[in-house]
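Peer 1: Coordinates only, no sequence provided:
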C-alpha cells in the first residue's frame, strides 16, 4: 500500500469510529444539545422538509425547561394513590395506580408552571428546609419537562 492509501484508510477508520461513538452516545444518553449540533451539521439544503422538521423540534428542545420535583406518594384507604409535589406548594394529583398518579402530577406541574408564567409571577419553588414530608409517605424525585 502506498502512503496515500494508508492515510485514506486511517481517515476512514477514524470517521467510522467517531460515528459509532456518536450513535452509541445518542442511544445510551440522549443529549438535546448534541442532537441539535448533529442535525444542524448534517442539514443538506435549506428546503429539505425533514431537516426543517428536525430544526423545529430542536427549537422546541432549546425552549423547554426541566424541573426537579420532590414527590411524596401516599396510598389512600381505597387503594388509590395521592402524590404531592413537596417543593411546589399546592401542586398535587391522584390516580388508581402509583404510575398513573405520577403521570398525572407531571401534567399538574406543567399546568402550574405555565399558569405562574402567564400571570407574570415567579414559580414559588421551595427548598428542602421549607417543607415537611408527610409521615409514611414514599419519596421520589422526578424530572418534569415543561
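Peer 2: Noted; the coordinates are in hand. The structure displayed is predicted, hence computed values, not measured ones. Residues are numbered from 1 along each chain as shown.

Peer 1: alpha carbons only for contacts and neighbour counts from here, please
Peer 2: Will do.

Peer 1: domain ranges for the chain?
Peer 2: 3-63, 66-145 (automatic domain parsing).

Peer 1: any idea which of the ones you listed scores lowest on pLDDT?
Peer 2: The weakest mean pLDDT among those belongs to domain 3-63, with a mean of 53.

Peer 1: Longest strand of the chain, counting residues only.
Peer 2: The longest strand of the chain (DSSP state E) is strand 66-75.

Peer 1: Could you spell out the sheet neighbours of that one, each with its direction?
Peer 2: Take DSSP bridges as the rule and strand 66-75 pairs in its sheet with strand 81-85 (antiparallel), strand 138-145 (antiparallel).

Peer 1: Mind listing residues that contact the last one?
Peer 2: When you say that, I think you mean strand 138-145. Strand 138-145 is contacted from outside by 64-74, 106, 109-110, using CA atoms under 8 Å, 6 or more residues apart in numbering.

Peer 1: For that strand, buried residues please.
Peer 2: Under the neighbour-count criterion of 16 or more other CA atoms under 10 Å, strand 138-145 has 139, 144 buried.

Peer 1: Spit out the contact partners of residue 67.
Peer 2: When contacts are counted by CA under 8 Å, 6+ apart, residue 67 touches 143, 144, 145, 146.

Peer 1: just curious, which of those residues is nearest to residue 123?
Peer 2: Checking the contacts of residue 67 against residue 123 by CA to CA gives residue 146 as the nearest, at 12.7 Å.

Peer 1: distance of the closest one from residue 86?
Peer 2: 18 Å (CA to CA, to the nearest Å).

Peer 1: Between these two, which is the more surrounded one?
Peer 2: residue 86 (24 against 16; other CA atoms under 10 Å).

Peer 1: quick one: residue 105 is in a strand?
Peer 2: No - according to DSSP: H, G, I helix; E, B strand; the rest coil, residue 105 belongs to no strand; its state is helix.

Peer 1: That one touches residue 93, doesn't it?
Peer 2: Yes - Residue 105 lies in contact with residue 93 (CA atoms under 8 Å); the separation is 5.0 Å.

Peer 1: Please say which of the two ends up with more neighbours.
Peer 2: residue 105 (24 against 21).

Peer 1: Contacts only, for that one.
Peer 2: Shown in contact with residue 105 (CA under 8 Å, 6+ apart): 83, 84, 85, 91, 92, 93, 94.

Peer 1: Alright, calling it a day.
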